[in-house]
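*Asks:* any chance you could fold what I've pasted below:
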Amino acid sequence: MVRALKYFITTAELGSFRQAALVLRRKQSTVSRGIRRLEDDLGVSLFERGPNGVRLTDAGNSFLAQVLPAFEQLQEATKGAAAAGRGELGIVRIGTLTSLIGGFLHELIRQYTVSNAGVAIDLINGSRQELLAGVRARRLDIAFVTWLGEVHDCDVVHLWRERIYVAMPKNHRLAAFAEIDWPDLAGERFIVGRSPPGPEVRDFIVQRTFGRAPSVTIEFRAGSTQDLVRLVALGQGITLVSEAWEKVELPGLVLCPLCDEADILPFYAVWLPQNDNPALRRFLSVAHVLAGRVRRGSSDWASPRAAFGGRFSQSR
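*Replies:* Residues are numbered from 1 along each chain as shown. Sure, this is the predicted structure:
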């Protein structure tokens, strides 16, 4: 039926079976037979045939007026479905612990959207456990997390690393330091967010200060990382931020890197291997290329076992 409608509409526009056949790249007899079968199915004549071509009957004009909008909508839907299948349309739902203030993730999304303008990006923040649960339940296509334990049912790739920085007010006693070690932070007051990644940041501070920086205090505050940084600039304590914040200029704020190798955190992408979202596959391809550039020609794509065993292989 769809093919016959295409024959009918093209012939109606051109007024000739021969011209329609040329445009459609079909034999004239094929076009003529297709329209004749359509007329038989409808029980009416759609064209008046003559030596100088064809013209629509009254019934043909009425049928064309009704079927043309629906046919055009069907064509658009068909094109849209094909584009979605190629990953040119759709949505990628991304879960993240971190801000998009800058760094690898910001650049990844920027590069992806430049070449995939028809795909929407949906960002969801959450804790590591919430993000992994979202991936498993397919509420998320992909999650970016750090401090990752073993994940047996997902594909995992280590994409980039970021050093942790201490954010402090510009009049802080450590503001002039080129780098900071944890014993330098003894007696300091940290502020972290109540919402993710605040609890993970709090656990990291506890782990890293144990036996090295006595008498630190940690206070939970409402608000995002951006809000916490503004509070720090106002003298409300210090906090930890990722390396991506280094390029942010905020009055009254100083950022200083932690010097230990253990304060450089790996970031992982996690997704379900069964997720067949074509837009996700394109997103992963861009991530692969960008990670390779960051690492000067190589990136580590791994199954869950290889990701933690030191042996890396190309992921599906």
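
*Asks:* please make it C-alpha for all contacts and neighbour counts, starting now.
*Replies:* Noted.

*Asks:* domains of the protein?
*Replies:* 2-85, 94-316 (automatic domain parsing).

*Asks:* pLDDT weak spots in the stretch 201-316 of the chain?
*Replies:* 294-316 (pLDDT under 70).

*Asks:* and the helices in it?
*Replies:* 225-233, 278-294, 304-309 (DSSP state H, counting those that start in this stretch).

*Asks:* of those, which is nearest residue 150?
*Replies:* helix 304-309 (7.0 Å; Cα to Cα).

*Asks:* show me the one of the helices of the stretch 201-316 of the chain that comes nearest residue 21.
*Replies:* Nearest of the helices of the stretch 201-316 of the chain (Cα to Cα): helix 278-294, 35.6 Å.

*Asks:* so which bits of that closest one are buried?
*Replies:* For helix 278-294, burial by neighbour count (16 or more other Cα atoms under 10 Å) applies to 278-284, 286-288, 290-292.

*Asks:* that older thread, for residue 110, find the nearest of the helices of the stretch 201-316 of the chain.
*Replies:* Nearest of the helices of the stretch 201-316 of the chain (Cα to Cα): helix 278-294, 10.3 Å.

*Asks:* point to the residue nearest the middle of this structure.
*Replies:* residue 92 (4.2 Å; Cα atoms, centre = their mean).

*Asks:* what kind of secondary structure is that residue in?
*Replies:* strand (DSSP: H, G, I helix; E, B strand; the rest coil).

*Asks:* list the contacts of it.
*Replies:* Residue 92 makes contact with 119-122, 140-142, 279-280, according to Cα atoms under 8 Å, 6 or more residues apart in numbering.

*Asks:* one more: residue 1?
*Replies:* Residue 1 neighbours (Cα under 8 Å, 6+ apart): residue 38.

*Asks:* and residue 66, how many neighbours does it have?
*Replies:* 11 (other Cα atoms under 10 Å).

*Asks:* which SS state does it fall under?
*Replies:* Per three-state DSSP, residue 66 ends up helix.

*Asks:* got a list of what it touches?
*Replies:* Contacts for residue 66 (Cα under 8 Å, 6+ apart) come out as none.

*Asks:* repeat the analysis, applying 10 Å as the threshold.
*Replies:* For residue 66, the contact set (Cα atoms under 10 Å, 6 or more residues apart in numbering) comprises residue 60.

*Asks:* where does it land on pLDDT?
*Replies:* In this prediction, residue 66 carries a pLDDT score of 82.

*Asks:* related to what we said a few turns ago, closest to residue 111 out of the helices of the stretch 201-316 of the chain?
*Replies:* helix 278-294 (7.5 Å).

*Asks:* next one: that closest one to chain centre, how far?
*Replies:* Offset of helix 278-294 from its chain centre (Cα atoms, centre = their mean, to the nearest Å): 10 Å.

*Asks:* what segments of the stretch 201-316 of the chain are strands?
*Replies:* 217-221, 239-242, 253-257, 264-271, 300-302 (DSSP state E, counting those that start in this stretch).
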